[in-house]
Structure formats: C-alpha cells, structure tokens
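> Next comes the sequence, and after it the predicted model I'd like to discuss.
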Amino acid sequence: MEFKKKILCIGAGYVGGPTMAMIALKCPQYKVTVVDINAERIAEWNSENLPIYEPGLYDVVEKTRNVNLFFNTDLENGIKESDIIFVSVNTPTKEFGAGEGMAADLQYWEATARQILQLSESSKIIIEKSTLPVKTALAMERILSFSKSDIHFEVLSNPEFLAEGTAISDLTNPDRVLVGSNETESGLKARDELVEIYSNWVDRDKIITANLWSSELSKLVANAFLAQRISSINSISALCEKTDADVSEVANAIGMDSRIGKKFLNASIGFGGSCFKKDILNLVYLCQYYGLPEVAEYWLSVVKINEFQQTRFIMNMLNAMFNTLAGKKICLFGFAFKADTGDTRESPAIFISKKLLEERAELRITDPGALKNAKSDLENIEGKISYIKEPGKAAYGCHAIAVLTEWEVYKGLDYKEIYKSMEQPAFIFDGRNILDHKKLFDIGFNVFPIGKPALTHF
Ligand code: UDX
Ligand code: ADP
C-alpha cells in the first residue's frame with residue numbers, strides 16, 4: 001500500500017509507544033515507525049509482552065503492528081524517509097551543574113535534534129511530544145536552522161496529556177489536543193497538517209491551537225495544577241487526623257462545588273509518577289531563572305507537602321506500632337505509583353520501603369504488575385525484602401499491611417483469613433483509603449486510614 005505520509009517517532013516509551021499505536025490505528029493511510037536506542041525495548045514492542053503494562057494497549061498494537069505500525073532501532077533510515085517526526089525521548093531532571101535537581105536534562109533532546117539535522121535529506125515537521133521546559137522549541141529551531149539551504153524544519157509543540165493506566169481511553173477520547181506552532185505561514189501550514197492527523201478521530205472543537213510557548217507552558221501548568229490539588233487535599237488530611245474530621249467527607253463537600261469539582265481529591269500517601277515532581281521542579285526552575293522567587297516558592301511547596309505526606313505515613317506507622325519496627329514483617333500492598341500500571345517511577349512506595357528498611361523492618365512486597373520494577377528500584381538497598389505475587393501469601397505472618405497502591409484486587413480479599421494468619425495485634429495502614437475500615441476493625445485489625453480517625457482496639 002502506498003502511504004499518504006510517513007511518520008517517525010523517536011523514543012518508544014510510555015508516551016511514544018501508545019500514542020503512535022493510536023495514530024496508526026486511527027490513520028491507516030499513514031505509515032508510523034517508532035524507533036528507540038534501546039534494542040531490548042524495541043524487541044518487546046515486537047513481542048507479545050509489551051514493555052509497558054497498559055489496559056487495552058495490546059489490542060491496538062496487535063491490529064496495527066506490521067500493517068502500518070513498525071518498531072525498530074533504525075533511526076537513520078527512519079529520519080531519512082519520514083515527513084513528520086515526533087520526538088518523545090526522555091527528559092530526566094538534571095543531576096549536575098546549573099539547575100541540578102530541578103531543571104530538565106536536555107542532552108538526549110539536543111542529541112536527537114542534531115541527529116535529525118545530520119541525517120535529513122528533505123524538509124520535515126518536527127513535533128515535541130515529550131514535556132519540555134518552555135522555549136525548548138526555540139533551541140531546537142536554532143539547531144535545525146543550520147540545515148542545507150533547501151531543507152526546512154518546522155517545529156511544533158504537541159504535549160501529551162494521557163495518564164498511565166488509562167492511556168488508551170485518554171488517547172481515544174482526549175479532553176483536548178493541543179498544537180502549538182509559530183504564527184508564520186510555514187508554522188500554520190505545519191500546524192494544519194498535524195490537526196488533520198488528529199481530526200481522523202478527535203472532534204475538531206477539541207483540537208486547540210496556540211503559540212509555541214503557550215503550548216509548552218500549558219503542559220507544565222496542567223501537571224502542576226493537578227499535583228497541587230493532591231497536595232492541597234493531603235495537607236488537609238494531616239489536619240483531619242488531628243481533629244475528628246474525615247478527609248473523604250471534606251473532599252465530597254468541597255467537590256460538589258462545581259467550581260472546585262470532584263476529581264483528583266483523593267487523599268493518599270502522595271503523588272508519584274514520572275511527570276508531576278519533574279514538571280513542577282521544572283516550573284520552579286523557570287520561575288527562579290526569570291527572577292520570580294515568590295512564584296517559584298509557591299509551586300515548590302506542592303512538592304514539599306508531597307514529601308511531608310510520605311514522611312507522615314511512616315511516622316504514623318512507627319507511632320502506632322509501639323515506636324519500633326525492627327524485626328517486624330510489613331507487607332506492602334502495591335508498589336506501582338498508581339493502579340493499572342507497572343510503572344514505579346517516583347512511586348511513594350520507594351521512599352516508604354527505604355524508610356521502613358532503615359527502621360530495620362522486614363518487607364514483603366506484592367503488586368499485580370510492578371514487581372519487576374520494584375525489584376530493580378530496591379536492588380542495592382540493604383535489608384530483608386521478599387517479592388510475592390499473591391497478596392494473601394505476602395501478608396501471611398506479617399505484623400502489618402500497608403496499602404500503597406489502589407489496585408482493585410485489594411478491595412475484595414478475604415481479610416478474615418488474612419487476619420487469622422497475621423501476628424497480633426495486626427495493623428492495616430490504608431495509604432489510599434480504598435478498604436472498608438469499619439469491616440476490618442470488626443474483624444480485629446487496628447486500622448489507620450489517611451485523614452480519618454484511626455480505629456484501634458486499645
Ligand atoms: C499525569 C497527568 O494526569 C497526565 O495528564 C500527564 O500527561 C502525565 O502526568 P500520570 O502521572 O500517569 O498522569 O498519573 P495520574 O493519574 O495523574 O496520577 C499521578 C499521581 O497522583 C499518582 O501517584 C496517583 O496515585 C496520585 N493521585 C491522583 C492521588 O494521590 N490522588 C488523586 O486524587 C489523584
Ligand atoms: P516517557 O514517559 O516520556 O515516554 P520513557 O523513559 O518511557 O519516557 O521513554 C523515552 C524513550 O526514549 C526510552 O525508551 C529511551 O530509550 C528513548 N530514547 C532516549 N534517547 C533516545 C535517542 N537519542 N534516540 C532514540 N531513543 C531515545
């Protein structure tokens with residue numbers, strides 16, 4: 001089949017993989033190739049065991065793979081033959097020099113820009129898909145402006161708003177698609193080409209356009225606002241635990257105000273994931289860079305409350321369990337940063353595990369999809385840890401269970417049987433408020449939710 005256009009995506013990660021699979025599914029007239037420097041990852045994309053766990057993803061990949069969706073490591077040919085290039089390589093936080101610990105490390109990004117420049121034999125549209133600091137497109141344009149005279153690169157920003165675990169439904173039915181471009185003739189033409197791709201399945205009124213900088217900034221701000229809601233409700237959960245208030249009741253009462261809204265008000269052990277912390281720190285760095293220390297401090301407090309919430313969780317465990325965890329077996333229900341994903345990047349479970357091990361507790365970790373990542377996260381950490389797939393077995397003989405991820409499976413377990421198998425007095429720390437606390441208390445557990453009065457037998 002002759003394809004209308006050839007799309008290349010550089011970076012086969014959580015963003016690039018699912019997004020390209022969806023474009024391939026909805027746009028059979030385009031050839032979509034995804035390349036990555038990581039050959040193992042590419043082999044997984046070509047296998048039955050995809051490198052990321054995402055409900056519904058396999059179906060989409062199966063329908064399109066080797067039809068109009070291809071995964072390989074041939075960056076050179078990919079760049080040469082493509083008309084449109086999405087760049088979704090990772091942009092980790094910088095670990096050295098200016099902006100260390102805050103600014104985005106753009107070395108992979110710049111290396112990619114230089115490769116595109118070197119290998120291209122025709123004009124192309126280059127699309128920023130990774131979340132990047134504002135003005136990265138400008139830097140990219142500057143590098144790409146050194147092209148041969150007859151080759152023109154037009155840079156667009158098209159941030160991805162999908163959340164892990166719901167990637168396929170978010171991609172199928174997005175709240176909005178944002179396309180940022182230069183307001184020049186060639187910028188607007190490129191913008192229209194990208195809009196046309198999305199129009200294959202997204203309502204036209206949900207596809208919005210903006211200038212490049214607004215588009216880049218909107219992605220950072222969207223994540224900062226979402227994270228801010230979680231830190232706001234988590235800060236209130238601390239106050240609820242000191243009083244007789246119940247954070248779920250408070251969230252419900254405020255969420256019914258349509259101006260506030262109900263979503264993203266679940267108090268928890270804190271937010272994790274590859275985006276929130278990184279993007280806020282990025283925003284903080286930008287504010288500092290542009291001489292706005294008050295604004296920087298405001299957004300930094302969102303991260304600080306998130307750290308406070310995780311520390312508070314550990315302190316609550318320690319206090320409840322008679323101020324010593326040494327030699328006690330603690331079962332962690334869940335390690336992923338949220339349910340329905342195997343991803344553990346920035347998961348609060350990592351910090352909590354390390355702190356529990358420092359207290360010399362023994363850990364039994366269970367998770368339906370993240371045990372492989374959990375093992376590698378805790379690889380060089382000293383202490384006794386076992387990884388057990390089945391939650392009932394993992395909790396067997398433990399002194400306490402801590403629910404760290406809101407997997408559905410934890411709601412339906414036989415807690416009577418689990419209780420009988422545990423050391424007494426048995427404790428449950430529900431870091432996600434997903435269990436029936438009264439029922440657990442009646443079984444005999446001492447129950448410690450987030451932002452609600454504890455239910456204890458002593
Ligand atoms: C986020 C954004 O939602 C998405 O738009 C963006 O593209 C990438 O970053 P993601 O990190 O996949 O997506 O997950 P999200 O559902 O936003 O959850 C982030 C963290 O917040 C998780 O650890 C989750 O458990 C936590 N969370 C979320 C809460 O603690 N309480 C809530 O009410 C909601
Ligand atoms: P995200 O969550 O933003 O998708 P990931 O870390 O999951 O980030 O994916 C980014 C991918 O980009 C990784 O698979 C990594 O190997 C790949 N990558 C990084 N640099 C390059 C490069 N120069 N060329 C091709 N792929 C790259």
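The structure has been received and is ready for your questions. Ligands and ions are numbered 1, 2, ... in the order given.

> Quick one: residues contacting the residue lying closest to residue 293 once chain neighbours are set aside.
Leaving aside its chain neighbours, residue 293 sits nearest to residue 287 (7.4 Å; criterion: C-beta to C-beta, 6 or more residues apart in numbering). Every C-beta, even on glycine, is put in place using the N, C-alpha and C of the backbone. Residue 287 is in contact with 293, 295-296, 299, counting by C-beta atoms under 8 Å, 6 or more residues apart in numbering.

> same deal with residue 453?
Counted by C-beta under 8 Å, 6+ apart, residue 453 has contacts 241, 244, 246.

> Which one (most neighbours) among those?
For the contacts of residue 453, the largest neighbour count, defined by other C-beta atoms under 10 Å, is 21 neighbours, found at residue 241.

> where's the nearest residue to that residue once chain neighbours are set aside, which helix or strand?
Leaving out its chain neighbours, the residue that sits closest to residue 241 by C-beta to C-beta, 6+ apart is residue 451, at 5.9 Å. If you go by DSSP states H and E, residue 451 is not part of any helix or strand.

> and residue 451, what does it touch?
Counted by C-beta under 8 Å, 6+ apart, residue 451 has contacts 233-234, 236-238, 240-241, 245-248, 250, 267, 433.

> do the same with residue 369
Residue 369 neighbours (C-beta under 8 Å, 6+ apart): 53, 336, 340-342.

> how does it look with 10 Å?
52-54, 165, 334-336, 339-344, 405, 407 (C-beta atoms under 10 Å, 6 or more residues apart in numbering).

> about what we covered before: next one: the residue nearest to residue 293 from residue 190, what distance?
30 Å (C-beta to C-beta, to the nearest Å).

> Name the residues of the stretch 251-400 of the chain found near ligand 2, please.
Proximity of the stretch 251-400 of the chain to ligand 2, by C-beta under 6 Å from any ligand atom, involves residues residue 274.

> hmm, try it at 8 Å
Contact residues (C-beta under 8 Å from any ligand atom) of the stretch 251-400 of the chain with ligand 2: 274-275, 345.

> can you check the stretch 51-200 of the chain too?
Residues of the stretch 51-200 of the chain lying near ligand 2 (C-beta under 8 Å from any ligand atom): 52, 75, 88-91, 108, 111-112, 115, 130-131.

> In ChimeraX, select just the buried ones from the contacts of residue 287.
Of the contacts of residue 287, the buried ones can be selected in ChimeraX as follows, counting by 16 or more other C-beta atoms under 10 Å:
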select :296,299
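
> hmm, the biggest helix by length in the chain touching ligand 1?
Using DSSP state H to define each element, the chain has its longest helix at helix 212-242. Yes. Using C-beta under 8 Å from any ligand atom, helix 212-242 reaches ligand 1 at 219, 222-223, 226-227, 229-230, 233-234.

> so can I have a markdown table of the residues you listed showing distance to ligand 2?
Putting the residues of helix 212-242 next to ligand 1 into a markdown table (distance: C-beta to the nearest ligand atom, whole Å) gives the following:
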| residue | distance to ligand 2 |
| --- | --- |
| 219 | 11 |
| 222 | 15 |
| 223 | 12 |
| 226 | 16 |
| 227 | 16 |
| 229 | 22 |
| 230 | 19 |
| 233 | 25 |
| 234 | 24 |
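
> could you show me where the strands are in this protein, in order?
5-10, 30-35, 69-72, 84-87, 124-128, 153-157, 177-181, 207-211, 329-333, 362-366, 385-387, 400-403, 427-430, 446-449 (DSSP state E).

> Tell me the bridge partners for the nearest residue to residue 183 once chain neighbours are set aside.
Take residue 183 and drop its neighbours on the chain: the residue closest to it by C-beta to C-beta, 6+ apart is residue 211, 6.2 Å away. For residue 211, the beta-bridge partners under DSSP bridges are residue 181.

> In the stretch 351-458 of the chain, which residue sits closest to ligand 1?
Of all residues in the stretch 351-458 of the chain, residue 406 sits closest to ligand 1, at 6.7 Å by C-beta to the nearest ligand atom.

> Was I right to think that residue contacts residue 341?
No. Checked against C-beta atoms under 10 Å, the pair residue 406 and residue 341 is beyond contact range at 11.3 Å.

> Quick one, which of the strands of the chain gets closest to residue 17.
strand 30-35 (6.5 Å; C-beta to C-beta).
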